[in-house]
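Chemist: below are the sequence and a predicted model; questions follow.
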Amino acid sequence: MSEIKNAPTIDGFFDEFGGRFIPETLVPACEELEEAFKESWADVEFRATLDNLLANFAGRPTPITQAKTLSTELGCELILKREDLNHTGSHKINNVLGQALLAVKMGKNRIIAETGAGQHGVATATAAAVFGLECVVYMGEVDMMRQELNVFRMELLGAEVIPVKTGSKTLKDAINEALRDWVTNVKNTHYCLGSVMGPHPYPMMVRELQSIIGKESKIQCQEQFGRLPDIVVACVGGGSNAIGIFSEFLDIPDVELVGVEPAGGASLTKGDPGVLHGSMTQLLQDEWGQVLEAKSISAGLDYPGVGPEHAALAASKRARYVNVTDEEVISAFQLMTQKEGIIPALEPAHGLAYIVKDLEAKNSAFKNKMVLLNLSGRGDKDVDQMMEHLKCLKI
Amino acid sequence: MLKNLEVELKQKCQNGQKLLVPFITGGIQGWEETLQAFEDVGADAVEVGIPFSDAVMDGPIICEANDIALSAGTTPDNIFKKVAELKLKVPVIAMTYYNIAYRRGLANFSADLKTYSFSGGILADMPFEASSNWLEAGRQAEIATILLAAPTASDDRLERIATSSTGFVYAVGLLGVTGEQETLATSATEIAKRLKQVTDTPVLVGVGISTPEQAAKAVEVADGVIVGSVLVKKLLANKSPKKTAKLLAEFKKALN
């Protein structure tokens, strides 16, 4: 059996974060999933099936692109890992194909998912179509309005999208509803969680499924530039694209890792330890332990918690976590579009926003460095929202 | 003097009585008077929900009650103080989620429950593996730490849960969250039966008990029932503690 690198403890803890804090009803399902994953991950045949899907369905490997104009203008060597070029438009497909295979293996005929920006929902609906699984996606009512196009895409793919009207009506509440569905339908349903969060084994499993981003990047940087990047940057909501690209560099201390959160959802810099959605993590909460609403222009990062491994990496200082404002993100979104001819999703625009911010500062850490940015998704889904926003600015 | 919850409930069981434990969400209009009214119509203990923003074991009715209570500024401290002032004769049990207790510190939370005259606590999203610190905190504070047992658990797992749970064992009656059900799930009597085989601690079925008939059916095997959503719905709709307690009285009648 192949070893999983940097695996959590047997109880699913990354140092003091992680674990399994869920209603009793769901424990056997998590145990079953853990077993199925560990067995499959060590199984050559399973891996070959997944690799084949990733290559011939999702379109991997995704290239890396030198952002030449931005590099010159900003004063660093900026490389983009092009997860936006995946089928369905983001890194989410990496995770979903693996989980759909596991669902089939476990004999589940129904998958459910939560979605914020809609990318994970679209990816899940896509995998469900491929494998002939019934699919239900929970999405906050506020996010459904922000991401109308993705809602329709999911419906076209045959998924049922259920609006979530509780709490803040965003990602956090969509996860609550998905968990309630899972508690009720656990016998025939697999919960296809979209990020490196939730109860053990999800944070570990989703990381492993996303680690393909880091593996490819590492090889591509070596092949094309003869060296590894100095700094790896990724946006962090739950944190799956970030862990995916960080994971292959964790054991190389010379490579600096920087995670960028939205200022209105900066659980790693403004949160405290707490339990939400199945794991102990850093959490935006009030003095009584009520979870606060995150506020971000990006529906995909609008989350008051964060994957537990990020909380552990922040505590050990192996990775550094920073945040940027919505305004900085909008500027970065336009900058990448105009200078590089790539419309990024608002989520990875957070990464570029921080790179710009750092390079404009006096004591820049990024100056003349080779910076690898995980461009986790494309921005088609955000065009409507940006159009509205930029129209308002002009008036 | 606080009585030991488990001793008190066991005594009633030995006298051939079936136990009735109503639940109400703390912080909604009329909740304190309702607790008193529950005692008056013969509740054997009462459960008070301390609202949490992300209550994943709860269905629409209790979620709505949580939202209302939280919007009104309800805090654990408000609920603690009011419960202490009520000076109920029946045992009071707090039901909430892990983060509410963790935020205060599990030891502090348990000690505060004791101080404010609660007899026990339940954390709805804490599985058995995560319970050791909570069980220890309960032992130190001398409050009952009631664990949930679900229909999905293996026999071995049910036995471990039943052995560790103090006060009573909360048997989750169905696969699902709290809320109204038209019929009693067969899983309700099944889990009660499985638990009764492995423990002397009282076994109470909760989640999915919506009518007096369902309650009567459940106690053919179980030692008692926990009734929540229908009572919360009643209180939210008519704001009347009396009418809500009247509904509970129908359950009482059906049980004995």
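Modeler: Everything's here; your move.
Chemist: where does chain A have low pLDDT?
Modeler: A:1-2, A:395 (pLDDT under 70).
Chemist: in it, which residue sits nearest chain B?
Modeler: When distances are taken as CB to the nearest CB, chain A reaches nearest to chain B at residue A:289, 3.1 Å away. To be clear about C-beta, it is placed using only N, CA and C from the backbone, and glycine gets the same treatment.
Chemist: element containing that residue, please.
Modeler: Under DSSP states H and E, no helix or strand contains residue A:289.
Chemist: that one touches residue B:99, doesn't it?
Modeler: Yes. Using CB atoms under 8 Å, residue A:289 is in contact with residue B:99, at 4.5 Å.
Chemist: what do those two both touch?
Modeler: A:274, B:52 (CB atoms under 8 Å, 6 or more residues apart in numbering or on different chains).
Chemist: for the most centrally placed residue in chain B, what are its contacts?
Modeler: By CA atoms, centre = their mean, the mean C-alpha position of chain B lies nearest to residue B:47, the distance being 4.5 Å. By CB under 8 Å, 6+ apart, the residues touching residue B:47 are B:21-24, B:92-95, B:122, B:226, B:228.
Chemist: closest one of those residues to chain A?
Modeler: Of the contacts of residue B:47, the one sitting nearest to chain A (CB to the nearest CB) turns out to be residue B:122, at 11.4 Å.
Chemist: quick one: mean pLDDT over the strand or helix carrying that closest one.
Modeler: Per DSSP H and E, residue B:122 falls inside strand B:120-123. For strand B:120-123, mean pLDDT is 98.
Chemist: what does it rub up against?
Modeler: Strand B:120-123 is contacted from outside by B:5, B:47, B:91, B:93-98, B:101, B:109-110, B:113, B:134, B:138, B:143-148, B:166-167, B:170, using CB under 8 Å, 6+ apart.
Chemist: please save the CA atoms from that strand in CSV.
Modeler: What follows is strand B:120-123, C-alpha atoms only, in CSV (Å, rounded to 0.1, in the frame of the first residue of the first chain):
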residue,chain,number,x,y,z
GLY,B,120,-27.1,17.3,32.1
GLY,B,121,-26.0,18.3,28.6
ILE,B,122,-26.2,17.0,25.0
LEU,B,123,-23.9,17.9,22.1
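Chemist: can you list the buried residues in the next helix or strand after that strand?
Modeler: Per DSSP H and E, the first helix or strand lying C-terminal to strand B:120-123 is helix B:132-141. Buried residues in helix B:132-141, defined by neighbour count with 16 or more other CB atoms under 10 Å in any protein chain shown: B:134-135, B:137-138, B:141.
Chemist: and stretch B:198-216, by the same measure?
Modeler: For stretch B:198-216, by 16+ other CB under 10 Å, it's B:198-199, B:201-212, B:214-216.
Chemist: go on, stretch A:211-219?
Modeler: A:211-214, A:216-218.
Chemist: pull the distance from it to the chain's centre.
Modeler: Centre-to-centre, stretch A:211-219 and its host chain are 15 Å apart (CA atoms, centre = their mean, to the nearest Å).
Chemist: re earlier: give the closest residue to the residue of chain A closest to chain B in space, chain neighbours not counted.
Modeler: In space, and not counting its chain neighbours, residue A:289 is closest to residue B:103: 3.1 Å by CB to CB, 6 or more residues apart in numbering or on different chains.
Chemist: shouldn't that neighbour be within a helix?
Modeler: Yes. Per DSSP: H, G, I helix; E, B strand; the rest coil, residue B:103 lies within a helix segment.
Chemist: list the contacts of it.
Modeler: A:274, A:285, A:287-289.
Chemist: switch the cut-off to 7 Å
Modeler: By CB atoms under 7 Å, 6 or more residues apart in numbering or on different chains, the contact set of residue B:103 is A:274, A:285, A:288-289.
Chemist: can I get those in TSV with neighbour count and distance to residue A:333?
Modeler: Listed next are those as TSV, based on neighbours: other CB atoms under 10 Å in any protein chain shown; distance: CB to CB, whole Å:
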residue	neighbour count	distance to residue A:333
A:274	24	32
A:285	23	30
A:288	19	37
A:289	26	35
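Chemist: confirm residue A:139 sits in a helix?
Modeler: No. Under three-state DSSP, residue A:139 sits outside any helix and is assigned strand.
Chemist: residue 65: what's it in contact with?
Modeler: I went with chain A, as the question did not name one. Contacts of residue A:65 by CB under 7 Å, 6+ apart are A:80, A:82.
Chemist: sorry, I should have been clearer: chain B.
Modeler: So, once contact is read as CB under 7 Å, 6+ apart, residue B:65 ends up touching B:25, B:28, B:232, B:236.
Chemist: next, the second one: secondary structure please.
Modeler: Just to be clear, that refers to residue B:28. Under three-state DSSP, residue B:28 comes out as coil.
Chemist: chain B contacts on the stretch 51-200 of chain A?
Modeler: Within the stretch 51-200 of chain A, the residues that sit near chain B (CB under 7 Å from any CB of the partner chain) are A:166-167, A:172, A:176, A:179-180, A:183-184, A:186-187.
Chemist: what's the closest of those to residue A:141?
Modeler: Comparing these against residue A:141 with CB to CB places residue A:166 closest, at 9.3 Å.
Chemist: residues contacting the residue nearest to the closest one when sequence neighbours are not counted?
Modeler: With sequence-adjacent residues excluded and distances taken as CB to CB, 6+ apart, residue A:166 is closest to residue A:173, at 5.0 Å. For residue A:173, the contacting residues are A:140, A:164, A:166-167, by CB under 7 Å, 6+ apart.
Chemist: which of the residues of the stretch 51-200 of chain A next to chain B count as buried?
Modeler: Buried subset of those (neighbour count, 16+ other CB under 10 Å): A:166-167, A:172, A:176, A:179-180, A:183-184, A:186.
Chemist: picking that back up, can you list the contacts of residue B:65 in JSON lines and add secondary structure and neighbour count?
Modeler: Output for the contacts of residue B:65, formatted as JSON lines (DSSP: H, G, I helix; E, B strand; the rest coil; neighbours: other CB atoms under 10 Å in any protein chain shown):
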{"residue": "B:25", "secondary structure": "strand", "neighbour count": "32"}
{"residue": "B:28", "secondary structure": "coil", "neighbour count": "22"}
{"residue": "B:232", "secondary structure": "helix", "neighbour count": "26"}
{"residue": "B:236", "secondary structure": "helix", "neighbour count": "18"}
